[in-house]
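A.B. asks: Below is the structure, and that's it, no one-letter string:
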């Protein structure tokens with residue numbers, strides 16, 4: 001435990017330099033020193049670490065489940081392969097073809113509304129002429 005704490009403190013004390021797109025512990029001519037101090041509160045770090053541990057446990061469990069399922073399938077325990085549904089054949093009056101297809105009902109077109117004419121209140125109403 002003490003060794004881990006010493007190593008962790010030693011890592012925090014090191015300065016990391018950014019040299020273009022490369023990060024290094026040794027300074028370079030145009031290197032920018034980075035401040036990598038962890039600014040989280042101790043309880044925030046504990047929550048983050050706990051969430052990461054839980055995610056790792058879940059990932060391991062999912063991996064074990066997947067591997068077990070793959071072994072089961074490779075051993076031939078699968079009952080049947082899923083197949084595509086059969087296509088319906090148009091009916092010619094003979095019931096040996098199976099499914100009878102019925103045509104889609106055509107909906108009647110809606111009647112167009114009469115023309116709308118906006119009128120100014122108090123003006124004479126004009127007669128709307130209907131098309132014949």
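C.D. replies: Right, received. Where do you want to start? All values reported here derive from a predicted model rather than from experimental measurement.
A.B. asks: in this structure, which spans are helices?
C.D. replies: In the chain, the segments counted as helices under DSSP state H are 2-13, 42-74.
A.B. asks: Mean neighbour count and mean pLDDT for those helices - can I get that in JSON lines?
C.D. replies: Just so you know, the C-beta spots here come from the backbone N, C-alpha and C atoms, and that holds for glycine as well. As requested, the helices of the chain are exported to JSON lines (neighbours: other Cβ atoms under 10 Å; pLDDT from 0 to 100):
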{"stretch": "helix 2-13", "mean neighbour count": "9", "mean pLDDT": "51"}
{"stretch": "helix 42-74", "mean neighbour count": "10", "mean pLDDT": "94"}
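A.B. asks: nearest to residue 35, of those helices?
C.D. replies: helix 2-13 (10.9 Å; Cβ to Cβ).
A.B. asks: Please tabulate the helices of the chain in CSV, including the columns distance to residue 27.
C.D. replies: Converted to CSV, these look like this (distance: least, Cβ to Cβ, whole Å):
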stretch, distance to residue 27
helix 2-13, 15
helix 42-74, 29
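A.B. asks: Mind checking these for the one nearest to residue 29?
C.D. replies: The minimum distance between residue 29 and the helices of the chain falls on helix 2-13, with 23.5 Å, by Cβ to Cβ.
A.B. asks: Go through the helices of the chain and name the closest to residue 115.
C.D. replies: helix 42-74 (64.9 Å).
A.B. asks: and that closest one, what does it pack onto?
C.D. replies: Where contact means 3 or more Cβ pairs under 8 Å, 6 or more residues apart in numbering; DSSP states H and E, helix 42-74 is not packed against any helix or strand.
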